[in-house]
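J.: Need a 3D model of the following:
(2 chains, ligands or ions: 2)
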Amino acid sequence: MDTFVQLVLNGLMLGGLFAIISVGLTLIFGIIRLVNFAHGELLMVGMYLTWIGTTQLGVHPYVLAPAVVLVLFVVGLLIQRFILQPLLEARDAHVQIFATVGLSTALINLALLVFGADLYATPSSGVRDSIAIGPYRILVGQLVMFVCGIAVVAALHLFMERSYLGRAIRATAQHRAAAQLMGVDVKRIYMVTFGIGAACVGLAAVLVAPIYPASPTVGTYFVLTAFVVVVLGGMGSLHGAFIGALIIGLVDSLSGFYIAPDLKEVVIFGLFIGILLLRPTGLFGLGRGSE
Amino acid sequence: MLTLHDVQAGYGRTTILHGINVEVRAGEVVTVVGANGAGKTTTLRTIVGLVRPTAGRITFEGEEIGRLSPHEVVARGITLIPEGRQLFPFMSVRDNLRMGAYTPHARARMAQTLDEVLDLFPRVREKLEQHAGSLSGGEQQMVAIARGMMARPKLLMFDEPSLGLAPIIVSQVFDVVEQIVRTGVTVLLVEQNVFRTLSIADRGYVLENGAIAMSDSGAALLRDDHVRRAYLGI
Ligand SMILES: Nc1ncnc2c1ncn2[C@@H]1O[C@H](COP(=O)(O)OP(=O)(O)OP(=O)(O)O)[C@@H](O)[C@H]1O
Ligand SMILES: [Mg+2]
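T.: Ligands and ions are numbered 1, 2, ... in the order given. Below is the predicted model of the structure:
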């Protein structure tokens, strides 16, 4: 019983991290209708940035969070503006998807060129200290991930529901042409959306770096899981991504212990295929948007 | 106020509008009538920037607007209430109306505009918290018109506001349009209900196969033999 509760705690904490990555992915999908295959590589970029910042400036990685988030926000804006938007005007959504695949490959190779295939562990103090809650223990780093996961999802939710810009983002997703008729600059909305998605990954990168070493292909593992989360929660749904992330975190943690660590990815992808077969729109999917 | 000068436009390689000239003066109610597929919607979409003119000039208050993006045109005070309503279905009616006041100019006076607009649409006031997609067709059309008014436009363009509605609702829509006209907004109206439209219009244009076949005062067009035969079935 104790082990089980401990595993559930671990799973929920991990879920917080998946939530941050998935929320960005689902946002980009829901608004721009783009599957961003370069999402993991943005995470990788953020992790190297964290490593560089930490080792060069000698500060704690968490201190770098605002800077890394900002840099990734801008990187996201630029990718949308200079790579994806010109392709959108060329009028073929498939080309955009290939472009994100290409971007992903390019970033991996760039990282190989600059950093080689070595693992870069970000030095950090205190992140691996554990806090006791009764008989259970959680790492400081895990708790921070969980709290940040909740905070990010809550902040995004409020932003989308309450602010003019958030409403315009939702309006654009629901009816692009009508949003333009309201005076919304749709290109700007897409840039901001991609920027926010990338910024979320930037935060995730800062949180992961102290626990998991950076390498050119580090993004693949996390983002494949995030794709499962996004499909489970319903493509484009924020709270779906949150719940989905917690579920996948639990599955990851429990199956790693009760089945076998080597098989947990098999379990997650088995679940993924099961969802696609039984409920293709996910837990909170609305099916198709209008248009 | 608005002038279309030999405007050509279309989709891809197909030209739909073959050099049309249309003028709307401040304070006027102008209508464009024409058969299905004549290019009425294309005309309105071209004015608002959703379709790029391939030739000719569009000026609004003396400035060229033919190359602007829709959001820039809207910011200058032109609003289109589109054919088929085009509400944001998963947003509340209130959020739809808020979206109507998206431009900085409209946003600054949103609370006041909302009150004025809801006075005109008491039924919409009752539905403010409902999802727009869950309303009936007539209610959705009222919300679409209310949303257009939220922008406080100088020129308000309607594309077939009575399309697909029951006769009683059509009549209500026209009542609302007439009320809006009385507030002094300049209106460009495209409608299938040619008789009632020409009755409230100061001037009208007859669009046939993407070219202006005729233009005159609303009353004169109502008396015209060709118009009566082709559009009024008399
Ligand atoms: N998005 C589009 N792509 C290609 N052709 C289009 C498009 N929209 C309209 N057309 C074509 O342009 C022509 C004019 O269409 P438009 O919608 O302007 O007509 P309309 O006068 O508004 O007709 P209706 O009374 O049926 O609304 C039609 O032949 C139509 O098939
Ligand atoms: Mg039309």
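J.: Count the neighbours of the closest residue to A:Ile79 other than its chain neighbours for me.
T.: Leaving out its chain neighbours, the residue that sits closest to A:Ile79 by CB to CB, 6 or more residues apart in numbering or on different chains is A:Phe194, at 6.2 Å. To be clear about C-beta, it is placed using only N, CA and C from the backbone, and glycine gets the same treatment. Per other CB atoms under 10 Å in any protein chain shown, the neighbour tally for A:Phe194 reads 29.
J.: and A:Phe194, helix, strand or coil?
T.: Of the three states, A:Phe194 takes helix under DSSP: H, G, I helix; E, B strand; the rest coil.
J.: and the helix or strand harbouring A:Asn10, which residues are buried?
T.: Using DSSP states H and E, A:Asn10 sits within helix A:2-32. Using 16 or more other CB atoms under 10 Å in any protein chain shown as the test for burial, helix A:2-32 gives A:6-7, A:9-32.
J.: which residues does the closest residue to ligand 2 within chain A contact?
T.: Closest to ligand 2 within chain A is A:Ala177: 13.7 Å, counting by CB to the ion. Counting by CB atoms under 8 Å, 6 or more residues apart in numbering or on different chains, A:Ala177 makes contact with B:50, B:82, B:86.
J.: if we take these, which one ends up nearest to chain A?
T.: Closest approach between the contacts of A:Ala177 and chain A, by CB to the nearest CB: B:Gln86, at 4.0 Å.
J.: From B:Ser217, how far off is the closest one?
T.: As judged by CB to CB, to the nearest Å, B:Gln86 and B:Ser217 stand 32 Å apart.
J.: more neighbours, those two?
T.: Set B:Gln86 next to B:Ser217 and count neighbours by other CB under 10 Å: B:Gln86 wins out with 22 against 13.
J.: Contacts only, for that one.
T.: A:175, A:177-178, A:181, B:144.
J.: Equivalent analysis for B:Val185, please.
T.: B:153-156.
J.: just checking, which of those residues belong to strands?
T.: Using DSSP state E, B:155-156 are the members of these that sit in strands.
J.: now the contacts of B:Val185 as CSV including pLDDT, distance to A:Gly274 and neighbour count?
T.: Listed next are those as CSV, based on pLDDT from 0 to 100; distance: CB to CB, whole Å; neighbours: other CB atoms under 10 Å in any protein chain shown:
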residue, pLDDT, distance to A:Gly274, neighbour count
B:Pro153, 95, 52, 23
B:Lys154, 95, 57, 16
B:Leu155, 96, 55, 24
B:Leu156, 96, 52, 25
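J.: Kindly indicate which of the contacts of B:Val185 lies nearest B:Gly19.
T.: Within the contacts of B:Val185, proximity to B:Gly19 (CB to CB) peaks at B:Leu155, which comes in at 21.8 Å.
J.: SS state for the residue most central in space within chain B?
T.: Centroid-nearest residue in chain B, with CA atoms, centre = their mean: B:Phe158, separated by 1.7 Å. Recorded secondary structure, B:Phe158: strand (three-state DSSP).
J.: Is it bridged to anything, and to what?
T.: Following DSSP bridges, B:Phe158 is listed with bridge partners B:Ile81, B:Leu189.
J.: Ligand 1 versus B:Ala151, what's the distance?
T.: According to CB to the nearest ligand atom, to the nearest Å, B:Ala151 stands 22 Å off from ligand 1.
J.: Local confidence estimate at that residue?
T.: pLDDT, B:Ala151: 95.
J.: secondary structure element for it?
T.: Short version, using DSSP H and E: B:Ala151 is in no helix or strand.
J.: quick one, phi psi at residue 131?
T.: I went with chain A, as the question did not name one. Phi and psi for A:Ile131, reported as degrees, to the nearest 10, are phi -110, psi 140.
J.: actually it's chain B I care about, not the one you picked
T.: Phi and psi for B:His131, reported as degrees, to the nearest 10, are phi -70, psi 130.
J.: which of the residues in the top helix by length along chain B are buried?
T.: Longest helix in chain B, counting residues (DSSP state H): helix B:167-182. Of the residues in helix B:167-182, B:169-170, B:172-174, B:176-177, B:180-181 count as buried by neighbour count, 16+ other CB under 10 Å.
J.: Which elements pack onto the helix or strand of chain B with the lowest mean pLDDT?
T.: The helix or strand of chain B with the poorest confidence is helix B:225-231; it has a mean of 84 (mean pLDDT, DSSP states H and E). With contacts taken as 3 or more CB pairs under 8 Å, 6 or more residues apart in numbering or on different chains; DSSP states H and E, helix B:225-231 sits against helix B:194-200, strand B:203-208.
J.: Run through the neighbouring helices and strands of the shortest one.
T.: In other words, strand B:203-208. strand B:29-34, strand B:211-217, helix B:218-223, helix B:225-231.
J.: Report whether it contacts ligand 2.
T.: No - against ligand 2, strand B:203-208 shows no contacts by CB under 5 Å from the ion, the least distance being 10.4 Å.
J.: which residues sit against that strand?
T.: The contact list for strand B:203-208, computed with CB under 8 Å, 6+ apart, reads B:20, B:22, B:28, B:30-35, B:38-40, B:43, B:197-198, B:212-218, B:221, B:226-227, B:231.
J.: can you do 6 Å?
T.: Contacts to strand B:203-208, defined as CB atoms under 6 Å, 6 or more residues apart in numbering or on different chains, come from residues B:22, B:30-34, B:38-40, B:198, B:212-215, B:217-218, B:221.
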